[in-house]
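# Mind looking at a prediction? Sequence and model below.
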Amino acid sequence: MSRLTNDVAVVTGAGSGIGRASAERLANEGASVVVADIDVEGGAETVEAIESEGGTATFVEVDVTDEDDVRKMVDAAVETYGGLDIAHNNAGIEGDGAPLVEQSAEGWEEVLGINLTGVFLGMKYEIPAMVEGDGGAIVNTSSIAGLSGDGPAPYVASKHGVVGLTRQAAVEYGDEGVRVNAVCPGVVRTPMVERSLEEHPEAVDQITEEQPLGRMAQPEEIADAVVWLASSEASFVNGHPLPVEGGLLAR
Ligand code: NAD
């Protein structure tokens, strides 16, 4: 018996990387998935991959910073599949890698807008839809940069913000049947990371050497943690940032 049969899930940033892996894993476990992304082509590829495995998915074009789009994304889950049980708020960008004093206010706003406001808007519409049904589980994508100062300032601030928002939502809505947790990946080989490795090929060896497991993660390894947090196996786990970083933080 699949773990998520009859569940309905939305995944933002599902057109690539971690979001795509999460959408595929949720569908493999039996959930019907709303694949949400600003990238129409990437989203369509994810739906195709899910359907080719016999899963159920539909694409919705969403800019997570646009409140109207986010409301329509949740409406699509309810109208297409009859409710909402699981949400993975995952869309994010890295932004400019420059030191803090060289960051622009526009760049700051862009990163905070997608990575943090996008998660806030997602939960604002997902929680009422879940409360309307039998409750639900939300997983927000933070990062190890949400737990330590290890990255560009806007990115680190946005990911720390996701952890705070996760804790507050967990406290406010636990007694209405909604659990809220975050996943904090280390370095994952997704298009986001491949783009920066293309710019700095010399970084590959250094990053690999730093890893206690001697390698970077694959997106599916983060998706497995998302599925666990979303499933009833994590029924008493609420308000936590879960590091999935191969032991990096143990150093
Ligand atoms: P990715 O670039 O492969 O995928 C990100 C997806 O988000 C893309 O499909 C993109 O189109 C979408 N997106 C961007 N802006 C959007 C918007 N405004 N509205 C809707 N969708 C939008 O990146 P990834 O590595 O899979 O990253 C996914 C999440 O994981 C991000 O939040 C990222 O910060 C986080 N993360 C990644 C790593 C890593 O090493 N790759 C580590 C820690 C955390």
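Thanks, I have the structure now.

# Dihedrals phi and psi, the residue nearest the centre of the chain?
Computing the C-alpha centroid of the chain and ranking residues by Cα atoms, centre = their mean puts Asn90 first, at 2.2 Å. The phi and psi torsions at Asn90 (degrees, to the nearest 10) take the values phi -130, psi -20.

# Could you verify my assumption that it touches Arg20?
No. With contact defined as Cβ atoms under 8 Å, Asn90 and Arg20 do not form a contacting pair (9.7 Å). All C-beta atoms are positioned from the backbone trio N, CA, C, and that covers glycine.

# Using the three-state scheme, assign the closest residue to Pro219 other than its chain neighbours.
With sequence-adjacent residues excluded and distances taken as Cβ to Cβ, 6 or more residues apart in numbering, Pro219 is closest to Ala21, at 3.7 Å. Judged by DSSP: H, G, I helix; E, B strand; the rest coil, the three-state class of Ala21 is helix.

# Assess the claim that Ala21 and Ala223 are in contact.
Yes. At 3.9 Å, Ala21 counts as touching Ala223 under the criterion of Cβ under 8 Å.

# which residues in the chain form helices?
17-28, 40-52, 67-81, 105-112, 118-132, 153-173, 191-199, 203-210, 219-230 (DSSP state H).

# ok, how many other residues are close to Glu110?
Glu110: 16 surrounding residues under other Cβ atoms under 10 Å.

# near the ligand, which residues of this structure?
Contacts of the chain with the ligand, taken as Cβ under 6 Å from any ligand atom, map to 12-13, 15-19, 37-39, 42, 62-65, 90-93, 114-115, 141, 143, 185, 187-188, 190-193.

# Give the buried subset of those residues as a ChimeraX selection command.
Typed into ChimeraX, the line below selects the buried ones among the residues of the chain next to the ligand, using 16 or more other Cβ atoms under 10 Å:
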select :12,13,15,16,17,18,19,37,38,42,62,63,64,65,90,91,92,93,114,115,141,143,185,187,188,190,192,193
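
# nearest spatial neighbour of Gly135, skipping sequence neighbours?
Spatial nearest neighbour of Gly135, excluding adjacent residues (Cβ to Cβ, 6+ apart): Gly177 at 2.4 Å.

# ok, now which ones touch the one you found?
Residues counted as contacts of Gly177 (Cβ atoms under 8 Å, 6 or more residues apart in numbering) are Met130, Val131, Asp134, Gly135, Gly136.

# Could you check how far it is from Glu79?
22 Å (Cβ to Cβ, to the nearest Å).

# deepest of the helices of the chain, which one?
The highest average neighbour count among the helices of the chain, using mean count of other Cβ atoms under 10 Å, belongs to helix 17-28 at a mean of 27.

# From the contact counts, what lies against that helix?
Other elements packing on helix 17-28 under the criterion 3 or more Cβ pairs under 8 Å, 6 or more residues apart in numbering; DSSP states H and E are strand 8-12, strand 32-37, helix 40-52, strand 56-61, strand 86-89, helix 219-230.
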